[in-house]
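In: Sharing a sequence plus its predicted fold:
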Amino acid sequence: MNGLIRQFRSFDLPSRLLMVNQFGINLGFYMLMPYLAGYLAGPLGLAAWAVGLVLGVRNFSQQGMFIVGGTLADRLGYKPLIVAGCLLRTAGFGLLVVADSLPAMLIASAATGFAGALFNPAVRAYLAADAGDRRVEAFATFNVF
């Protein structure tokens, strides 16, 4: 553990901030997702197929749109896409809280997924650029988070 902390501290501030941000995103996301399925099926009363559809749309919107997010990050810059992705994900999760119909849930789910497609490639590209020759070390540390 001390080695990880020492390695983390050896990176420049932007790289450390990206790692801490990734930890926060992962923590929030993986704390929420198990409860989302229960919320959709329980209080909202969605059928199992609809719960699967909502979760699948989020997954497709993120994994299927990485090429779009990566292209936009290369053209518009990493920082704007990271900020836009975080804001869109926050708005999407906020919409999940207030949505009470399947179409609204699908829109919110697609928004949270597309937000991930915006910031994930941008974060990784920014980390690669900032770490320079220590790219492999940076990604090894980043993936712990």
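Out: Arrived safely. Just so we're clear, the structure is a prediction, and the values are computed from it rather than from any experiment.
In: list the contacts for Phe8?
Out: By Cβ atoms under 8 Å, 6 or more residues apart in numbering, the contact set of Phe8 is Arg16, Met19, Thr141. Glycine gets a C-beta too; all of them are placed from N, C-alpha and C.
In: Just the buried residues out of those residues, in ChimeraX syntax.
Out: Restricted to buried positions by 16 or more other Cβ atoms under 10 Å, the ChimeraX selection for these reads:
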select :16,19,141
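In: List the ones among the contacts of Phe8 that fall in helices.
Out: Using DSSP state H, the subset of the contacts of Phe8 located in helices is Arg16, Met19, Thr141.
In: got the CA positions of stretch 31-41 in CSV?
Out: Only the C-alpha atoms of stretch 31-41 are listed here, as CSV (Å, rounded to 0.1, in the frame of the first residue of the first chain):
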residue,chain,number,x,y,z
MET,A,31,-22.5,2.1,-5.5
LEU,A,32,-25.5,3.2,-7.6
MET,A,33,-25.9,0.5,-10.2
PRO,A,34,-27.0,-2.4,-7.9
TYR,A,35,-29.7,-0.2,-6.4
LEU,A,36,-30.9,1.1,-9.8
ALA,A,37,-32.1,-2.3,-10.9
GLY,A,38,-34.0,-2.7,-7.6
TYR,A,39,-35.4,0.8,-7.9
LEU,A,40,-36.6,0.2,-11.4
ALA,A,41,-38.2,-3.1,-10.6
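In: how close does the residue nearest the centre of the chain sit to Asn59?
Out: Geometric centre of the chain, nearest residue: Gly116, 3.8 Å, by Cα atoms, centre = their mean. Gly116 is 9 Å from Asn59, where distance means Cβ to Cβ, to the nearest Å.
In: Pull up the overlap in contacts between the two.
Out: With Cβ under 8 Å, 6+ apart, Gly116 and Asn59 have no common neighbours.
In: Residue ranges in this protein under the pLDDT threshold?
Out: Along the chain, the model assigns pLDDT under 70 to no residue.
In: mind listing the helices for it?
Out: For the chain, helices defined by DSSP H occupy the ranges 2-9, 13-41, 48-63, 66-76, 78-98, 102-131, 135-142.
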